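*Asks:* sequence unknown, structure follows:
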DNA sequence: CGGGCAATTGACGGCACTCAAACCAGGTGG
DNA sequence: CCACCTGGTTTGAGTGCCGTCAATTGCCCG
């Protein structure tokens, strides 16, 4: 613990700050302690894919010095613990348990990526939004935080870029959920899940599209 | 090395054999030594996303006992080195270098997953196919294998399920590439890349669609 | 109160999907 | 040796979901 304390520095950053840039090999490793951020990757013409959202407890930049530059930007004000990469890696050699922990985190990330690939490759817009909302819900739940209404820290653009959709489709699909009584919107940055079960069957595609029953 | 030899067994399997099933926690860890296989995940209604293809040297089942059941099936006859998961994990504790190597592999996989998410979320059918062909090409190249024509061990269905497209779109898009002189087909399981540069600019979206120039 | 950006809503179009038919190759049996 | 069969692939015609473009609304903050 003291070894950690020796090389970490606590940093606060405002919203919309770049924590890492595409094409840069990041010097730092971060651990988010408060706030949220997005991880993304872009094509030359500007099309963007958001790869994930960072919530308190998440690491950033672990293996990211290798191929595939990717960027990270804070969504809100964030507090992070910052390590120099060099020093962080030395820490790993000193404490084998840390290495095992990191491997475990990496495998979690792989599992999440796979789920997201299924979503991006095969799910409809409704299924994507349902999965997204439940993903946020479950994540907060796992963290033991009560969440009604469910806070949505990101913009429609971020959501669209995360789900491989346009902001218009995101907006329209949420409107349909609302019309169907599955959710209610509490402003644009909060949602009430009125029928989580229905949402869950939508997310996995169990539910043949009942839009007709209107 | 001798420690490895003690717990590994070499196994040959025919084409279309299931190495792992969705929902099973796999008892084994495999290392492919010859042939190829696919990794995939499905929705209840049968829609399938291929998450990746395994070529000689690739591992299967490393962290896959945790969430997200996923299946693996051989595309061709394959030879694998098989370990019992229990024993393989003990090996990790004995040899720290192995743990570091696995972390590195996991990070490579994460980087590849991210690239694929960008593809699935944001690229057009042409860009996906171009990326796919180059991915195969680069992968063989990295392995130091000459490859003209480039062998394509998987079916159109597998390719479609990997790229988030239908087989018809895969077939049509390849036909367009052929018409444009970018590739030539050598049967259905081999391709000649006639203009890799063009393909590469297509893959990254640099190239505004010049289909009009015909 | 008014400026500006995000979000919503509407009209329209296109890329990829669906459905369907023709084609092709490899394997089997007569 | 060749007809037949079967599964994969190609090609064609038509549709639909989501993207594009555009106008409106809503909200935050000065």
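*Replies:* Arrived safely. Every value quoted in this text rests on a predicted model; they were computed, and no experiment measured them.

*Asks:* contacts and neighbour counts: CA atoms only from here.
*Replies:* Fine.

*Asks:* before we move on, which element is residue A:81 in?
*Replies:* Element membership for residue A:81 (DSSP states H and E) is strand A:78-84.

*Asks:* Which strands border that strand, and is each parallel or antiparallel?
*Replies:* strand A:8-13 (antiparallel), strand A:28-34 (antiparallel) (DSSP bridges).

*Asks:* I'd like these as JSON lines, with mean neighbour count and distance to residue A:139 appended.
*Replies:* Shown next, in JSON lines, are these (neighbours: other CA atoms under 10 Å in any protein chain shown; distance: least, CA to CA, whole Å):
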{"stretch": "strand A:8-13", "mean neighbour count": "14", "distance to residue A:139": "23"}
{"stretch": "strand A:28-34", "mean neighbour count": "21", "distance to residue A:139": "15"}
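
*Asks:* out of these, nearest to residue A:160?
*Replies:* Minimum separation from residue A:160 across the strands paired with strand A:78-84 (CA to CA) falls at strand A:28-34, 23.4 Å.

*Asks:* Check which helices and strands the helix or strand that that closest one is followed by sits against.
*Replies:* Counting by DSSP H and E, the next helix or strand C-terminal to strand A:28-34 is strand A:37-42. Judged by 3 or more CA pairs under 8 Å, 6 or more residues apart in numbering or on different chains; DSSP states H and E, strand A:37-42 is in contact with strand A:48-54, strand A:71-74.

*Asks:* need the residues of chain A near DNA strand C, please.
*Replies:* By CA under 7 Å from any atom of the strand, the part of chain A that sits against DNA strand C consists of A:154, A:155, A:156, A:157, A:167, A:168, A:169, A:170, A:171, A:172, A:175, A:188.

*Asks:* What score does the residue lying closest to the last one once chain neighbours are set aside have for pLDDT?
*Replies:* Distances taken as CA to CA, 6 or more residues apart in numbering or on different chains place residue A:152 nearest to residue A:188, at 7.8 Å, with adjacent residues excluded. pLDDT, residue A:152: 96.

*Asks:* Helices of chain A, residue ranges please.
*Replies:* Along chain A, counting by DSSP state H, helices occupy A:2-7, A:85-94, A:96-122, A:125-142, A:156-163, A:167-179, A:196-203.

*Asks:* wait, which of those is closest to residue B:91?
*Replies:* helix A:96-122 (13.1 Å).

*Asks:* ok and that closest one relative to helix A:125-142, angle-wise?
*Replies:* If you take axes from the mean of the first three to the mean of the last three CA atoms, to 10 degrees, helix A:96-122 sits at 160 degrees to helix A:125-142.

*Asks:* Contacts for stretch A:180-189, please.
*Replies:* Outside of stretch A:180-189, the residues within contact range by CA atoms under 8 Å, 6 or more residues apart in numbering or on different chains are A:149, A:151-155, A:177-178, A:191-196, A:198-199.

*Asks:* on that earlier part again, report the buried residues of the strand holding residue A:81.
*Replies:* A:78, A:79, A:80, A:81, A:82, A:83 (16 or more other CA atoms under 10 Å in any protein chain shown).

*Asks:* Need the distance between the two termini of stretch A:22-29.
*Replies:* By CA to CA, to the nearest Å, the extent of stretch A:22-29 from end to end equals 15 Å.

*Asks:* Now do residue A:91 against DNA strand C, distance only.
*Replies:* 40 Å (CA to the nearest atom of the strand, to the nearest Å).

*Asks:* mind listing what that residue touches?
*Replies:* A:3, A:4, A:98.

*Asks:* Return the distance of it relative to residue A:79.
*Replies:* Taking CA to CA, one finds residue A:91 at 22 Å from residue A:79.

*Asks:* ditto for residue A:47
*Replies:* 28 Å.

*Asks:* and the closest residue to residue A:100 other than its chain neighbours, what does it touch?
*Replies:* Leaving aside its sequence neighbours, residue A:100 sits nearest to residue B:99 (CA to CA, 6+ apart; 7.4 Å). Neighbouring residues of residue B:99 by CA under 8 Å, 6+ apart: A:99, A:100, B:92, B:93.
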